[in-house]
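Student: Here's my sequence, what's the structure:
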Amino acid sequence: MANDVESITAQIDEISAEVRELFGDLSAEQLNWRPAPESWSVAQCLEHLIRSNEEFYPEFDQLAAGTRKNTLWQSISPLSGIAGAFLVKTLKTDRQKVKTNQKMTPPSELGGDIVDRFVRHQSELKQKVTSIAGADWNKVVLTSPFVKIMTYRLATGLQAVIEHERRHVRQAKRVVESEGFPK
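Tutor: Numbering: from 1, shown residues only. Coordinates of the predicted model:
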C-alpha cells in the first residue's frame, strides 16, 4: 500500500460518515453515558481518537516540509516490519484490550459537540495525509509516540491509524447497544 493517498483518505471519509450516522443525533447525555465506571462513553472514544491521531502531526508536518529524516534507530530497527504488522492485526480485532497511555485518556465529561469536532478532525487528518503524499511511505519509518521502541513503516502506520479508528468506533457502537443506554 505504498503512497495510497486515495485509499487512506477514502477510509477516513467512510469512518467520518459512519460516526456522523451512528452518533450524530445523540444528545450530550447519551454521548457521555458509560455502561460501567471503568468503561468509556461514545464521546470518550471519539476524543481519544482525536488525541491519538494528533500525536502524529509533528512528524507529518516535518515530512510535508521535507525536513524529516529517519533516526538511526528507525533506519536499523529490526522491529519495523514485524511491529507494524502485529499492530494492525491487533487493532483489527477486539479480543485484546490494550491499556491506554495516560496522555490519551479522555476526560470523563465532554461537550455535545464531540461528533462535529471529530468530523472536523478527520478533515484535518485527510489534509495531513495528502500533504505527505510525496514521501516514500515504505522507507519512512515512524516511532510510535506511545511505545518508543516500536517502529513501523509510514504506510503501515497510516493503516494502523485507520484500524485504531475503526476499533474505537466499534467500541462506541457497543456502548449505544448496551443495556441501560438512555433512549
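Student: hey, which helix or strand in this structure has the poorest pLDDT?
Tutor: Sorted by mean pLDDT, DSSP states H and E, the helices and strands of the chain end with helix 80-92, the least confident at a mean of 85.
Student: Quick check: next helix or strand after that helix?
Tutor: helix 114-131 (DSSP states H and E).
Student: confidence score at residue 142?
Tutor: Looking at residue 142, its pLDDT reads 88.
Student: doesn't residue 158 make contact with it?
Tutor: No: using Cβ atoms under 8 Å, residue 142 makes no contact with residue 158, being 9.2 Å away. Where you see a C-beta, it was placed from the backbone N, CA and C, and this is true even at glycine.
Student: Looking at these two now, which is surrounded by more residues?
Tutor: residue 158 (27 against 23; other Cβ atoms under 10 Å).
Student: Show me how far the longest helix along the chain is from its chain's centre.
Tutor: Using DSSP state H to define each element, the chain has its longest helix at helix 154-177. A distance of 6 Å separates the centroid of the chain from that of helix 154-177, by Cα atoms, centre = their mean, to the nearest Å.
Student: Can you spell out which helices and strands pack onto it?
Tutor: Applying 3 or more Cβ pairs under 8 Å, 6 or more residues apart in numbering; DSSP states H and E, we find helix 154-177 packed against helix 5-23, helix 42-54, helix 80-92, strand 141-143.
Student: Make CSV from the ones you listed and add distance to residue 133 to it.
Tutor: Converted to CSV, those look like this (distance: least, Cβ to Cβ, whole Å):
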stretch, distance to residue 133
helix 5-23, 5
helix 42-54, 18
helix 80-92, 19
strand 141-143, 16
